[in-house]
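A.B. asks: fold the following for me, if possible:
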Amino acid sequence: MLIAATVVLLLIALLAVPVVMSYRLSWRQSLRGQLRLQWLFGLVRFSIPLQRAEGDHGAAPAKRQPRGKAAGRQSNPIAALRQADFRQRCLRFAREVWHAIHKTDLRLRLRIGLGDPADTGRLWAIVGPVSGYLGGYRHAAIEIEPEFIDAVFELDSSGSIRVIPLQLIYLTLALLLSPAIWRGVRTMRAAG
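C.D. replies: Presented below is the predicted three-dimensional model:
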């Protein structure tokens, strides 16, 4: 019993130690970047290079399974999103996670264009207000600009994020134990 309690306390103590992720990411014709993780106040650290060749577009698309009785029971997430308490609980969870993540020196520069000015204008009608909202965020420098002439996607981003795993586990458990979430899950299954 004493050994089990010691192991649990040790696990809780280790999960209370922050994890720091620093990154630098660039996308012009291909993905380039570096991700550095630190844990136990820098005692455990490693880097992950991020590179993707120009011709590499990921894995082959998965084959679709035939529909019918063999496919199993499907769920309908739209039915759950129609419930106000489900939506509010999900938004509250997103806000809590956003505030739990300590962001330092975040920079994002995004340049997007679809090649057709009308299509880019429609996209900018959605992205533009988001850009304005994020541009006023005090912990980050976020700049999103449209390119109306050429089809382009360019991304430059860097920053540092500090997360306490125990805090994220607590927020996730609170979400999973919420009655609003379980009502939404039952509604999804019933509508499926």
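
A.B. asks: for the nearest residue to L114 once chain neighbours are set aside, helix, strand, or coil?
C.D. replies: Ranked by C-beta to C-beta, 6 or more residues apart in numbering and with sequence neighbours excluded, the top spatial neighbour of L114 is T120, at 4.7 Å. (Each C-beta comes from the backbone N, C-alpha and C, glycine too.) Three-state assignment for T120 (DSSP: H, G, I helix; E, B strand; the rest coil): helix.

A.B. asks: dump the residue contacts of T120.
C.D. replies: By C-beta atoms under 8 Å, 6 or more residues apart in numbering, the contact set of T120 is I112, G113, L114, P146, E147, F148.

A.B. asks: of all those, which comes closest to R24?
C.D. replies: Using C-beta to C-beta, I112 is the member of those that lies nearest R24, at 20.1 Å.

A.B. asks: shouldn't that closest one be in contact with V130?
C.D. replies: No - using C-beta atoms under 8 Å, I112 makes no contact with V130, being 11.9 Å away.

A.B. asks: so which of the two has more stuff around it?
C.D. replies: In this view I112 and V130 are compared by other C-beta atoms under 10 Å, and I112 has more residues nearby, 17 against 11.

A.B. asks: what sits against the more buried one?
C.D. replies: With contact taken as C-beta under 8 Å, 6+ apart, I112 is in contact with T120, L123, V127, I144, E145, P146, E147, V152, F153, E154.

A.B. asks: hmm, 10 Å instead?
C.D. replies: Taking C-beta atoms under 10 Å, 6 or more residues apart in numbering, we find I112 in contact with 120, 123-124, 127, 144-147, 151-155.

A.B. asks: name the helix or strand for it, please.
C.D. replies: With the criterion set as DSSP states H and E, the secondary-structure element containing I112 is strand 102-114.

A.B. asks: return the set of buried residues in the helix or strand of the chain with the lowest mean pLDDT.
C.D. replies: When the helices and strands of the chain are compared on mean pLDDT, DSSP states H and E, helix 77-81 comes out lowest with a mean of 79. Counting neighbours by 16 or more other C-beta atoms under 10 Å, one finds that the buried residues in helix 77-81 are A79, A80.

A.B. asks: next: stretch 9-20.
C.D. replies: For stretch 9-20, the buried set under the neighbour-count rule, 16+ other C-beta under 10 Å, comprises V19, V20.

A.B. asks: for L106, list each beta-bridge partner.
C.D. replies: With DSSP bridges as the criterion, L106 is bridged to A140.

A.B. asks: got a list of what it touches?
C.D. replies: With contacts defined as C-beta under 10 Å, 6+ apart, the neighbours of L106 are Y23, Y137, H139, A140, A141, I142, S157, S158, G159, S160, I161.
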